[in-house]
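>>> No sequence on hand, only this structure:
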């Protein structure tokens, strides 16, 4: 079965996300090293550097996940579909709670940004459960 266009688009978006996460992770490593050098006290510098390094490793881990999802989408591997569903559902939960933040300190840009992310996560979930998409992924796993 031929790969649906939406799956190709999601694969490209996964590669773009992985690239941004790698870039962000690298910048966090560099920024953490700079903060540790510029901090007034040695304890604060170490804490800033360690905190940045931990967040950078998390970003690189997510970059690896998105890279795997992108490759899996191109090969129509069902595990990539399931992993994308899990990440989109987690994104829905996290961003669903984060959208409550503007209710306390209202900022329209933040609210629109979170709403757009929520909408994208909903679209991904709805799309990946479409019968023709599920059929495309199951055709390669036989």
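Looks like it arrived, so ask away. Remember, predicted model here, so these are calculated numbers, not experimental data.
>>> From now on I want contacts and neighbour counts done on CA atoms only, so please keep to that.
Will do.
>>> can you give me the helices in the protein?
5-38, 42-74, 78-98, 101-104, 108-128, 131-140 (DSSP state H).
>>> Quick one: the ones you listed as CSV, columns for mean pLDDT and mean neighbour count too.
Converted to CSV, these look like this (pLDDT from 0 to 100; neighbours: other C-alpha atoms under 10 Å):
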stretch, mean pLDDT, mean neighbour count
helix 5-38, 92, 18
helix 42-74, 90, 19
helix 78-98, 92, 17
helix 101-104, 63, 11
helix 108-128, 90, 16
helix 131-140, 87, 15
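>>> which ones are touching residue 35?
45, 48-49 (C-alpha atoms under 8 Å, 6 or more residues apart in numbering).
>>> With residue 33 instead?
Residue 33 touches residue 49, counting by C-alpha under 8 Å, 6+ apart.
>>> Roughly how far does it sit from residue 136?
Residue 33 is 46 Å from residue 136, where distance means C-alpha to C-alpha, to the nearest Å.
>>> cool, residue 49 as well?
45 Å.
>>> what's the answer for residue 96, then?
30 Å.
>>> repeat for residue 58
32 Å.
>>> Ignoring the adjacent residues along the chain, who's closest to residue 83?
residue 69 (7.1 Å; C-alpha to C-alpha, 6 or more residues apart in numbering).
>>> can I assume the one you found is in contact with residue 82?
No. Contact between residue 69 and residue 82 fails when scored by C-alpha atoms under 8 Å: they sit 9.3 Å apart.
>>> Excluding its own residues, what touches stretch 50-65? List them.
17-19, 21-22, 24-26, 28-29, 31-32.
>>> ok, for residue 134, nearest residue in space, not its chain neighbours?
Per C-alpha to C-alpha, 6+ apart, closest to residue 134 is residue 128, 6.8 Å.
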